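**Student:** Provided below are the primary sequence and the corresponding predicted coordinates.
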Amino acid sequence: MTDIADPAVFNGYFRDRDIHSLAAELRAGHTTSAELVEHSLAAIARLNPILNAFTAVDAEGARTAAREADRERSEGRDRGLLHGIPVSVKDLVDIAGQVTTSGSLVHSGLAEADAECVRRLRAAGAVIVGKNVLHEFAYGATGDRSAHGPSRNPWDVNKISGGSSGGSAVATAAGMVPIAVGTDTAGSVRVPAALCGVTGFKPAYGAIPTAGVRPLAASLDHVGVFATTASGAAEAYAVMAGQPVQPNGAAVRVGWVDPECFGPCDPAVVACVRDALERAGITVDGTAGLPVTAGEVFTVLSILQSSEAYAEHIDDLAGQEHTIDAEVVERLERGRDTAAWQYVRACRQRDTLRAAAADLFGRFDVLAMPTVPTVATDLDQRAHEIDGRAVEVRSALLSLTCPWNLTGHPALSVPAGTVMDLPVGLQLIAAPGNENMLFELATRIERS
């Protein structure tokens, strides 16, 4: 029997491999796309029964695409760094001919076409190996409420992966794939990236098309990416966004955002993040803050998210609510009970928040703060204590990520270290157009 207490169990082939080195091996003929796909499928077969990262695996489709990538390369055609690289996709994203379950027993039929982000990945030669587990309807931050069961944290299988894109984070963190696609409405890429110890990037709002991705809350939804390194995330982002990330090497003004502005934060997490910045030689040039309280931010998010989510899923609740997780139903029904005036006022408050954030980026190029104020909690745990204060797990997990969904700024989580032997994430935020600064700083942090 597999000893799941042994961390080496979760070291799939891609655990410490970057797509740049994989691409170099492919181009030098030291490996083939077919071999990489077999490594991915073998890791999934070994680890998925324990970690539950995949809802479906398309082994034959992946093998066919890999053979085609190898044939093209043998003929001198090179589609770029993703050519022949295995990728997995959150099961909220359409893949032609497959069911998009959205983590629910209530789901649509077969998708007629690839989502636009998948189409762009395929055009770059990426090989789609399967679809990842998510919190039902993408409406949760813990990743332990899904028709497919909970995705489990590779660092401790009794801990949450984070959500809603938990399966995508787990697949990357455990080395089943080097890149995975997720979505982020309030932190659903960055939260599981931080808790599982990988890089997770939420682009600027609208940077990656959402066509073919089932909405949760359309004005907050972002397609994002997980990768083993920041440079890998940058390459996948560039492909899906249709624009390169150009390094500039310019000096970057970094502002520190005090996480206590948004709610309780474990002092050990703060110390870990500040230490990661110091080790990387990144100087903090001042303190930044937003003129809002933690309660105000989360209230605005909740009103917008629940209203838009209810509008999206109203038909799913018609006679089928008994098949949906009770927590998810409760969140959806909050949207039913939200008045129109509350939604309009929340939109205005979001505009005020966006203006305040824009002012910050007149003073700083990048903002730095923890991604999540605590390490991963236990599966099914809903009450938690941070620095002696009682918190609700979901609101705590999202407290430091959701402001940047409201403002639409690109934000990246990079591993900063560990607390109590569990990963801690450092979050970097920039103005749209300055994504290169995020990736450059994240790479410095990784190397340190």
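**Tutor:** Ah, there it is.
**Student:** could you point out which element follows the helix or strand hosting residue 35?
**Tutor:** Element membership for residue 35 (DSSP states H and E) is helix 33-51. The first helix or strand that comes after helix 33-51 along the chain, using DSSP H and E, is strand 54-57.
**Student:** flag every buried residue along that next one.
**Tutor:** For strand 54-57, a neighbour-count test (16 or more other Cβ atoms under 10 Å) marks 54, 55, 56, 57 as buried. For glycine as for every other residue, the C-beta is placed from the backbone atoms N, C-alpha and C.
**Student:** pLDDT at the residue lying closest to residue 166 once chain neighbours are set aside, what is it?
**Tutor:** Spatial nearest neighbour of residue 166, excluding adjacent residues (Cβ to Cβ, 6 or more residues apart in numbering): residue 143 at 2.8 Å. Residue 143 carries a pLDDT value of 98.
**Student:** also residue 320?
**Tutor:** In this model, residue 320 is scored at 88, pLDDT.
**Student:** and it, how far from residue 137?
**Tutor:** Counting by Cβ to Cβ, to the nearest Å, the separation of residue 320 from residue 137 is 12 Å.
**Student:** okay if I get the buried residues of strand 54-57 as CSV plus distance to residue 213 and pLDDT?
**Tutor:** Compiled in CSV, these are given as follows (distance: Cβ to Cβ, whole Å; pLDDT from 0 to 100):
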residue, distance to residue 213, pLDDT
54, 18, 98
55, 15, 98
56, 17, 98
57, 20, 98
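**Student:** and the chain, what are its domains?
**Tutor:** Split into domains by the TED database, the chain comes to 7-241, 254-447.
**Student:** out of those domains, the one nearest residue 248 is which?
**Tutor:** Taking Cβ to Cβ, domain 254-447 is the member of the domains of the chain nearest to residue 248, at 6.0 Å.
**Student:** against residue 13, how distant is the residue nearest the centre of the chain?
**Tutor:** Among the residues of the chain, the one closest to the centroid is residue 189, at 1.7 Å (Cα atoms, centre = their mean). According to Cβ to Cβ, residue 189 stands 23 Å off from residue 13.
**Student:** what of residue 272?
**Tutor:** Per Cβ to Cβ, residue 272 is found 28 Å from residue 13.
**Student:** ok, back up a step: pLDDT score for the residue nearest to the centre of the chain?
**Tutor:** Among the per-residue scores, residue 189 shows a pLDDT of 98.
**Student:** in contact with it, which residues?
**Tutor:** By Cβ atoms under 8 Å, 6 or more residues apart in numbering, residue 189 lies in contact with 165, 168-169, 182-183, 200-202, 222, 224-226, 413.
**Student:** how about it, nearest residue that isn't a chain neighbour?
**Tutor:** Nearest residue to residue 189 in three dimensions, chain neighbours excluded: residue 224, at 3.7 Å (Cβ to Cβ, 6+ apart).
**Student:** who does that neighbour form a beta bridge with?
**Tutor:** Beta-bridge pairing for residue 224 (DSSP bridges): residue 182.
**Student:** what about it, how many neighbours?
**Tutor:** For residue 224, the count of nearby residues is 32 (other Cβ atoms under 10 Å).
**Student:** quick one: pLDDT of it?
**Tutor:** For residue 224, the model assigns a pLDDT of 98.
**Student:** tell me the spacing between it and residue 92.
**Tutor:** Distance of residue 224 to residue 92, computed by Cβ to Cβ: 12 Å.
**Student:** also residue 256?
**Tutor:** Between residue 256 and residue 92 the distance is 34 Å, computed by Cβ to Cβ.
**Student:** same check, this time on residue 110
**Tutor:** Distance, residue 110 to residue 92, using Cβ to Cβ: 15 Å.
**Student:** between the two, who's got more neighbours?
**Tutor:** In terms of neighbours (other Cβ under 10 Å), residue 92 is the more surrounded of residue 110 and residue 92; the figures are 30 against 11.
**Student:** residues contacting the residue lying farthest from the centre of the chain?
**Tutor:** Here the chain has its C-alpha centre computed as a mean, and the residue farthest from that point, by Cα atoms, centre = their mean, is residue 75 with 35.6 Å. With contacts taken as Cβ under 8 Å, 6+ apart, residue 75 has no neighbouring residues.
**Student:** repeat for residue 363
**Tutor:** Residues touching residue 363, when contacts are defined by Cβ under 8 Å, 6+ apart, comprise 253, 255, 286, 288.
**Student:** list just the nearest of the residues you listed to residue 426.
**Tutor:** Relative to residue 426, the closest of the contacts of residue 363 is residue 255; by Cβ to Cβ it sits at 13.8 Å.
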